[in-house]
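Colleague: Model the structure of this input:
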Amino acid sequence: MKANEQTRTVGDNAEPVPGVPDTKAVRRADAVDSRLGLYRLGRPYIRKVFPDHWSFMLGEIALYSFVVLLLSGVFLTFFFKPSMQEVVYDGSYVPLQGVHMSEAYASTLEISFDVRGGLMIRQIHHWAALIFVAALFVHMFRHFFTGSFRKPRDVNWLFGFVLLVLAMLNGFLGYSLPDDLLSGTGLRIAEGVFLAIPVVGTYLQFFAFGGEFPGDDIVPRLFALHILLVPAIMVALLTVHLILVFHHKHTQFPGPGRTEENVVGQPFMPVYTAKAGGFFFVVFGVTALLGGLVQINPIWSYGPYHPGQITAGSQPDWYIGFLEGALRIMPNWEWSAWGHTVSFNILIPAVIVPGVLFGLLGAYPWIEAWIIGDKREHHLLDRPRNMPVRTGLGVAWITAYGVLWVCGSNDVIATHFHLSLNTITWAGRIAFLVAPPLAYAVTVRWCKGLQIRDRDKVLHGRETGIIKKLPNGGFVEAHEPLDPAQRHILTAHEQYEPLEIGPVVDANGVARKATAAQKLRVRLSRWYFADQIRKPTARQSVLAGDSDGRGDATFEHEGDA
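Modeller: Numbers count the residues shown, from 1 in each chain. So this is what the prediction gives:
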């Protein structure tokens, strides 16, 4: 036993613990633990192992930016006045002095120009919101492309998806609170979306705005939703999401010693927590730098909202840009019958297109599991290239979203590059229909090309760039065999087989009739796994490892396509 350590007692049970220093801090910790039992409760998780990979930090960026959002939002609530009562501005910003405006807009100006540090906190809050949604998107697609959404994490995928939708919604609510001309334009669009919904649209609009647009209740209602209801749901979802991350075994990329039954990495305490704590301050520091140095949403340049005015070149925050783009490129289709008008020019781009895009994204884990018939638990991640169709579908989704996002700036593109607005609009319409399938096809071919390259690496080794001259005068490049760890990574993935209908008769010889759903499932399964690039067999891999790396070895190809 070291000189500075001695046997001590713990809690009320006075159990001796040898080798533990008897300091005041330790005794205080023991006193707390003896009453709350925190150590016994958290002991299974303190040494929980987390894999170490750069892509896992994406979720941490979302978590830490959400913390920054909460802290900066609390500061702003002390000074913001969620009221649409009209006042005459007499604050520090001279160009707007004497102008009639709502208390919400006036208090936002006060935060920006009269509250010490108010403008910086406002901009930190706004930048944190943009980073939060961006991190959620990238985090979700990391899960999508690597297949970590599979059982048992499919429910957690759904929680994360709902968290993303709520983040986008709450961002729009907060963006609308200042009651400036830019945010008022966004609310006018939201009112149009409500009215475009058949049968119940008018009722929804009156319920949301408390009467005719803009009314006097919308800002107080948005404020309550923005700071209370939606954040409470998000905190609850985030808590459950993190609990399930701890409960389920953490996913990891394939590698030597990594199986579906274990996790290779660093313990949660103290290694992971130390790294996570440092990373939090990195995220906070970057957000603070953006808030202090990069201007965002200068509401004083727009002026207060007036229903008869609109801001030229108005653009929403980036994550709502896809909805703006869908509205801009949609043809002016309307249907009038029996005294009612259905505005397809708003209903399709603002309700149906987002519903389909995000509905497919949220339901994808169950769609894929149904197609491939896989009900097992998975803890090893896929390399995106080894699931070409899934990767292609993800890229197609991003492409569709990106085309709509770009189309949300068609007027700005036209004015800045001196192009025809009609030409840009038609280009956006065509691109929305053509670009996603094209991106899907290119991605699938690319993934299969990468699989072929991996296969060649396993069979013939890595290209060294060293050219050798043969006795007959020819030239050949020397290849270097892969080490066992690299070969394992390139061949560890599982390859599925397409589903089959099954025997035409049952055990009693009675004819079996396949249902339409079974036939559809088989067709989709064949499409999902069509033209697979077969990975090298175990025998081929061993032979490749035993070769001399000259690039001229002959292997027995078993089951090659």
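
Colleague: quick one: low-confidence ranges for this protein?
Modeller: 1-21, 38-39, 41-44, 504-507, 509, 538-561 (pLDDT under 70).

Colleague: In it, where's the longest strand?
Modeller: Counting residues, the longest strand found in the chain (DSSP state E) is strand 462-469.

Colleague: C-terminal to that strand, what's the next element?
Modeller: Note on strand 462-469: by DSSP states H and E, the next helix or strand toward the C-terminus is strand 475-480.

Colleague: What residues sit buried inside the helix or strand following that following strand?
Modeller: As assigned by DSSP H and E, the chain's next helix or strand after strand 475-480 is helix 484-491. Neighbour counts over helix 484-491 (16 or more other C-beta atoms under 10 Å) mark 486-491 as buried. C-beta: built from backbone N, CA, C; applies to glycine.

Colleague: what's the answer for stretch 183-203, then?
Modeller: 183-187, 189-197, 201.

Colleague: wait, which of those is closest to residue 54?
Modeller: residue 186 (35.9 Å; C-beta to C-beta).

Colleague: correct me, but the closest one touches residue 315?
Modeller: No - using C-beta atoms under 8 Å, residue 186 is not in contact with residue 315; the gap is 9.7 Å.

Colleague: Mind naming the longest helix for the chain?
Modeller: In the chain, assigned by DSSP state H, the helix with the most residues is helix 421-460.

Colleague: and that helix, which residues are buried?
Modeller: 424-425, 427-429, 431-432, 435-436, 439-440, 443-444, 446-448, 450-451, 454-455, 457-460.

Colleague: Which other helices and strands does that helix contact?
Modeller: Secondary structure elements in contact with helix 421-460, counted by 3 or more C-beta pairs under 8 Å, 6 or more residues apart in numbering; DSSP states H and E, are helix 321-329, helix 388-407, helix 410-417, helix 484-491, helix 538-546.

Colleague: Would you format the ones you listed as a markdown table with distance to residue 475 included?
Modeller: Listed next are the helices and strands packed on helix 421-460 as a markdown table, based on distance: least, C-beta to C-beta, whole Å:
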| stretch | distance to residue 475 |
| --- | --- |
| helix 321-329 | 53 |
| helix 388-407 | 34 |
| helix 410-417 | 50 |
| helix 484-491 | 26 |
| helix 538-546 | 22 |
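
Colleague: Leaving out sequence neighbours, find the closest residue to residue 341.
Modeller: residue 334 (5.8 Å; C-beta to C-beta, 6 or more residues apart in numbering).

Colleague: For residue 197, see how far away the one you found is.
Modeller: Noted for residue 334: a distance of 14 Å to residue 197, by C-beta to C-beta, to the nearest Å.

Colleague: And the strands in the chain?
Modeller: According to DSSP E, the strands that the chain contains are 6-10, 15-20, 49-50, 86-88, 100-102, 266-267, 334-337, 340-343, 462-469, 475-480.

Colleague: Direction-wise, compare the last one with helix 421-460 and give the angle.
Modeller: Okay, so that is strand 475-480. 80 degrees (axes from the mean of the first three to the mean of the last three C-alpha atoms, to 10 degrees).

Colleague: What strands line up against strand 475-480, and which way round?
Modeller: strand 462-469 (antiparallel) (DSSP bridges).

Colleague: any residues touching the strand it pairs with, and which ones?
Modeller: 475-482, 550 (C-beta atoms under 8 Å, 6 or more residues apart in numbering).

Colleague: All good on my end, thank you.
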